[in-house]
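Visitor: Next comes the sequence, and after it the predicted model I'd like to discuss.
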Amino acid sequence: MAQSLSDLVGDVITKYHLQAVLDEERVPDTWREVIGPALAARTQVRGFYAGMLRIHVPDAVWRLELTARREELRVSINARLGREVVREITFR
């Protein structure tokens, strides 16, 4: 029986252990989608590795606001990605 294209792509991702690479590429864009254009302009994704998302926020007031919303933002990012990708967000 023929395999669907999505199944075939999924098999390739699994076989070559590419999910972490795909996550690294998707997380910054998903961050910007979740927080919206106004806050995206005030923040910079500094890195994503092993479930840790590092965000640079130069303004102390916005850093405090985002820190207070950290868990809500983490849950929203993971919901958009469809699985638990981001385990922690740090703001500096």
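Guide: Sure, I can see it.

Visitor: Which residue ranges of this protein form helices?
Guide: Along the chain, counting by DSSP state H, helices occupy 5-15, 19-40, 60-68, 70-81.

Visitor: For R54, find the nearest of the ones you listed.
Guide: Of all these, helix 19-40 sits nearest to R54, with 10.6 Å by C-beta to C-beta. In this view, the C-beta of every residue, glycine as well, is placed from N, C-alpha and C.

Visitor: which residues are contacting that closest one?
Guide: Residues outside helix 19-40 that contact it (C-beta atoms under 8 Å, 6 or more residues apart in numbering): 13, 43, 45, 48-49, 53, 55, 62, 66, 73, 76-77, 80-81, 85-86.

Visitor: Give me the ChimeraX select line for these, limited to the buried ones.
Guide: Buried members of the contacts of helix 19-40, defined by 16 or more other C-beta atoms under 10 Å, are picked up in ChimeraX with:
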select :43,45,48,53,55,66,73,76,77,85,86
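
Visitor: low-confidence ranges in this protein?
Guide: By pLDDT under 70, the weakly predicted segments of the chain are 1.

Visitor: before we move on, the earlier item: show me the two of the contacts of helix 19-40 that sit farthest apart.
Guide: That would be I13 and W62, which, of those, are the farthest apart (C-beta to C-beta) at 35.5 Å.

Visitor: Surely R74 and V85 touch.
Guide: No - R74 is beyond contact range of V85, at 9.5 Å (criterion: C-beta atoms under 8 Å).
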